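Colleague: Return atomic coordinates for the entry below.
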Amino acid sequence: MADPHVSICPISVGLFEEVWPASAMPFRLCSDCFVENISVLIEETAFNLLTPQPYSQAEVEGLKQTRYGLVRRFQCELQDRPSEDEKSAAELYKLYLGLKILHPTRGRFQVLHYSVSDSAPRLPRGSKNDFATIVCDWEGLNYIRWTDVCELARLASSLIATLSDHRNPISQAVHNLEIGYRADFLNVRHLLWVIGLDALFTSTERENQGKEVAIKRISDFLGSDFQIYSADAVSELSTPIPTQVKLTAALGDCYRLRNDFAHGTWPDKAWAGTVSRRSADGARNVYYAEVLSEAACSILRGCLKRILSETDLVKMFSDKQKMNMHFAARGLVRRQRSGRLPSPAGP
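Modeller: Next up is the predicted model:
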């Protein structure tokens, strides 16, 4: 007879800011994945004996305060357990990436696999990312909200299907977003996030590549009124948001900064030395180059959020030919330079 099992991915929820509706638990995200209160399961876990990756005392104390998690429940025979655990880790990671798109928070992806029939103290198998998330300065106060969970449920099926194909341009853009959040250095983070935008909006043909093409297509797709910083972030920051951080201006500057980093040139003093505001905690200055990196991340997340919310957009951005045809119909292609003859067709 198959035994019941459960895999969980703890998520970062504010301890005091918001009470989630207990009556809605467990909350279904997709066929076999839910959001549930996992506090009892976590309390019963003997983290000091967890294998194969040990947990520090600080990590254990943080986990012991966890209330909610992404959960996959399944039944299987003993010999099928490793493959089912692997499936759990893959599906929960995709949902975790969905939360990263919607509302990035600190912490790393980790998954704990339990046999429900085991008695306490529980000794699950587990794994975790080597590097924790390094959120942007303005995202430092973020925690997962109930509205984020509801939005994740709307995106879940599309997200899991799309991220199952690593060659898909949307999947590549999502993974660039995630890897950027794990990088320590501003130039690496910025390059990865702009590469994510290029993965969505450009391709290898001359008429469909280049920063001018990307900027025009992204502006057309998101609209010039797209807000780099969310309204709640603006209210929480200790100093005003700089007026120059609007989509039309910031996007061009994001690509100029990308070129500086890509070609080994440090940004001009007008950017690297210009203070835009104080940090969210008021402890340091935030320079314009860092603001542009935050803008690139916000724009990439905004594009992914919109794409994944509409089936037709997922189909279009999954196929470079369809994507290019859409923007070519709107005149958003690279123009032939005047006086330059086209390349010969070949022998």
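
Colleague: Residue 20 touches residue 146, doesn't it?
Modeller: Yes: using C-beta atoms under 8 Å as the test, residue 20 is close enough to residue 146 to be in contact (5.1 Å). Yep, even glycine has a C-beta here, placed from its N, CA and C like the rest.

Colleague: contacting residues for residue 303?
Modeller: Under the criterion of C-beta atoms under 8 Å, 6 or more residues apart in numbering, the neighbours of residue 303 are 173, 197, 200, 201, 218, 221, 222.

Colleague: how about it, secondary structure?
Modeller: Reducing the assignment at residue 303 to three states with DSSP: H, G, I helix; E, B strand; the rest coil gives helix.

Colleague: Quickly note the distance from it to residue 276.
Modeller: 23 Å (C-beta to C-beta, to the nearest Å).

Colleague: Please apply the same query to residue 112.
Modeller: For residue 112, the distance to residue 276 (C-beta to C-beta) stands at 41 Å.

Colleague: for residue 87, same thing?
Modeller: 45 Å.

Colleague: Show me which of those two is the more surrounded one.
Modeller: Neighbour tally, residue 87 and residue 276, criterion other C-beta atoms under 10 Å: the higher count belongs to residue 276, 20 against 16.

Colleague: Wasn't the more buried one part of a helix?
Modeller: No: using three-state DSSP, the assignment for residue 276 is strand, not a helix.

Colleague: Just confirm it contacts residue 286, I think it does.
Modeller: Yes: Residue 276 is within contact range of residue 286, at 5.5 Å (criterion: C-beta under 8 Å).

Colleague: helix/strand/coil for residue 138?
Modeller: Going by three-state DSSP: residue 138 is helix.

Colleague: And it, how far from residue 152?
Modeller: To residue 152, residue 138 is 21 Å away according to C-beta to C-beta.

Colleague: so residue 36 is in which element?
Modeller: Assigned by DSSP states H and E, residue 36 falls within strand 33-37.

Colleague: list the helices and strands that strand packs on?
Modeller: strand 27-28, strand 68-76, helix 81-102 (3 or more C-beta pairs under 8 Å, 6 or more residues apart in numbering; DSSP states H and E).

Colleague: any idea how the chain splits into domains?
Modeller: Listed domain ranges for the chain are 3-137, 165-329 (source: automatic domain parsing).

Colleague: end-to-end on the longest one?
Modeller: For domain 165-329, the separation between the terminal residues is 28 Å (C-alpha to C-alpha, to the nearest Å).

Colleague: Now do that domain: distance to the chain's middle.
Modeller: Distance, stretch centre to chain centre, for domain 165-329: 12 Å (C-alpha atoms, centre = their mean, to the nearest Å).

Colleague: Nice, that's everything, thank you.
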